[in-house]
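Visitor: next one to model:
(one chain, ligands or ions: 1)
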Amino acid sequence: MAVNNVVHVNECGLPLNAVDWLMKHHQSKLQERSQMIQDLHLVAGSLVVDAGCGPGLWTPLLAQAIGAEGKMLGIDISAEALVTAQRRSSNTWYRQNVQYKQAVLEQLPLECGSADLIFSANVSQYLPEPAETFAAMGPYLKSGGRLVIKDIDFGTMCFHTIDSMLQARVFQARERWEAERADNGYAYEDSWVGSKLSEYLRAAGYRDVEEKAYRIVRHYPLPENFRFYLRGIAEWFVCEGAPYLSPDDVTAWLQCFSDDPGNMLERENFVYEETEFVVSGVWDVVQPRFFADMHVDIEHIEPLSMVSK
Ligand SMILES: C[S@@+](CC[C@H](N)C(=O)[O-])C[C@H]1O[C@@H](n2cnc3c(N)ncnc32)[C@H](O)[C@@H]1O
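Guide: Below is the predicted model:
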């Protein structure tokens, strides 16, 4: 296992975003992701935006939830991901109900006040100003529509069979590096964003903010796709030169995930846990204050007779 300088990077420079990586990651957590969509209790016939849709992996789950009368718009900055999304949906029953377009989260290619729900999975970690972006997305929702943000939080990760001190050093080193890596030419990233999402949605002006935590637990023997996921994550923790980790720690860490005898994934007592967060908030159209303000002003105008004195 080599320490890659970049790990499963896409053409936009985002690590852990390459299409094949996203597909295997999705498969490895399909059970929990299906549950996340079921728990949204989407209304049949809704218009749903998948913001940062990548290769369209959530589209089948969303399509099933909103039914044949529903409509979906997937947007992403990655042309490569959108081509895959389009191809994946081309032979499905919902192909007429979904469109994919290249766009950024803040400028969605649809009319203001038209979406019932905007869903965005595993994208908020790349937003330098999440509250500002969420606020910019609100006006595309109908009044009473929902923004749903799903993301990871690597502060919740635990590899039960790996030395806890080594884990702590690896995690702390990456968290410290994430705070600075954007200043060193890498794309912005906050892999600890999950538990901060509620706060960001409230700051962006959403009401009735609700957080659901999904515990993801896997035991030995691991399915191949989950092993692929963990190996990718392990490499990602020490990529880009791992400036705050000693070379010995890098070696010891990678050995835990290698095919060598030190491999922890093959131990019968291996257990891995992490928590992912799904946070939703309701958007109300802010009523224009113009008429209300005028009413107050008129009441306080002095009678004409007094003015003429
Ligand atoms: C980790 S992938 C997640 C893809 C998909 N949502 C999923 O869960 O499988 C993040 C995606 O967000 C896209 N992305 C990142 N920043 C974005 C932005 N500001 N506007 C639109 N898309 C963005 C990336 O190109 C990438 O396809």
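
Visitor: which parts of the stretch 1-150 of the chain sit against the ligand?
Guide: Along the stretch 1-150 of the chain, the residues adjacent to the ligand under the rule C-beta under 6 Å from any ligand atom are 10, 12, 14, 17, 22, 26, 52-54, 57, 76-78, 81, 104-105, 121-123, 126. No exception for glycine: its C-beta is placed from N, CA and C like everyone else's.

Visitor: buried subset of those as a ChimeraX selection?
Guide: Of those, the buried ones go into a single ChimeraX selection, burial set by 16 or more other C-beta atoms under 10 Å:
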select :10,14,17,22,26,52,53,54,57,76,77,78,81,105,121,122,123,126
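
Visitor: so which of the residues of the stretch 1-150 of the chain next to the ligand are in helices?
Guide: Within those, residues falling in helices by DSSP state H are 22, 26, 81.

Visitor: which residues in the protein form helices?
Guide: Taking DSSP H, the helices of the chain run over residues 19-28, 30-38, 59-66, 79-89, 130-137, 164-181, 197-203, 224-237, 247-255, 290-299, 304-308.

Visitor: on that earlier part again, possible to save the ones in helices among the residues of the stretch 1-150 of the chain next to the ligand as JSON lines with pLDDT?
Guide: Converted to JSON lines, those look like this (pLDDT from 0 to 100):
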{"residue": "22", "pLDDT": "95"}
{"residue": "26", "pLDDT": "97"}
{"residue": "81", "pLDDT": "95"}
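
Visitor: in the chain, which residue sits nearest the ligand?
Guide: Taking C-beta to the nearest ligand atom as the measure, the chain has residue 54 as its residue closest to the ligand, at 2.7 Å.

Visitor: residue 149 reaches residue 137, doesn't it?
Guide: No. When contacts are counted by C-beta atoms under 8 Å, residue 149 is not listed as touching residue 137 (9.5 Å).

Visitor: which of these two has more neighbours?
Guide: For the pair residue 149 and residue 137, the greater number of neighbours falls to residue 149 (31 against 23), based on other C-beta atoms under 10 Å.

Visitor: how near is that one to residue 113?
Guide: Using C-beta to C-beta, to the nearest Å, one gets 20 Å for the distance from residue 149 to residue 113.

Visitor: same deal with residue 271?
Guide: Summarising the geometry, the distance separating residue 271 from residue 113, computed by C-beta to C-beta, is 47 Å.

Visitor: please apply the same query to residue 224.
Guide: Following C-beta to C-beta, the distance that separates residue 224 from residue 113 is 45 Å.

Visitor: so which residue is smack in the middle of this protein?
Guide: residue 122 (2.1 Å; C-alpha atoms, centre = their mean).

Visitor: now that residue: closest residue in space, sequence neighbours ignored.
Guide: The shortest distance from residue 122 to any residue other than its chain neighbours is 5.9 Å, reached at residue 151 (C-beta to C-beta, 6 or more residues apart in numbering).

Visitor: got it, and residue 281?
Guide: Of all residues beyond its chain neighbours, the one nearest residue 281 is residue 206 (2.7 Å), with distances taken as C-beta to C-beta, 6+ apart.

Visitor: give me the pLDDT value at the one you found.
Guide: In the prediction, the pLDDT value recorded for residue 206 is 98.

Visitor: right, and the residue nearest to residue 122 touches residue 274 too?
Guide: No. At 11.6 Å, residue 151 and residue 274 do not qualify as touching, with contact defined as C-beta under 8 Å.

Visitor: neighbour count winner among these two?
Guide: Looking at residue 151 and residue 274 with other C-beta under 10 Å, you find the greater number of neighbours at residue 151, namely 25 against 20.

Visitor: now residue 121, which residues is it bridged with?
Guide: Listed beta-bridge partners, residue 121: residue 150 (assigned using DSSP bridges).

Visitor: just the pLDDT for the closest residue to residue 20 other than its chain neighbours.
Guide: Leaving out its chain neighbours, the residue that sits closest to residue 20 by C-beta to C-beta, 6+ apart is residue 8, at 7.7 Å. The predicted local distance difference test score for residue 8 is 87.
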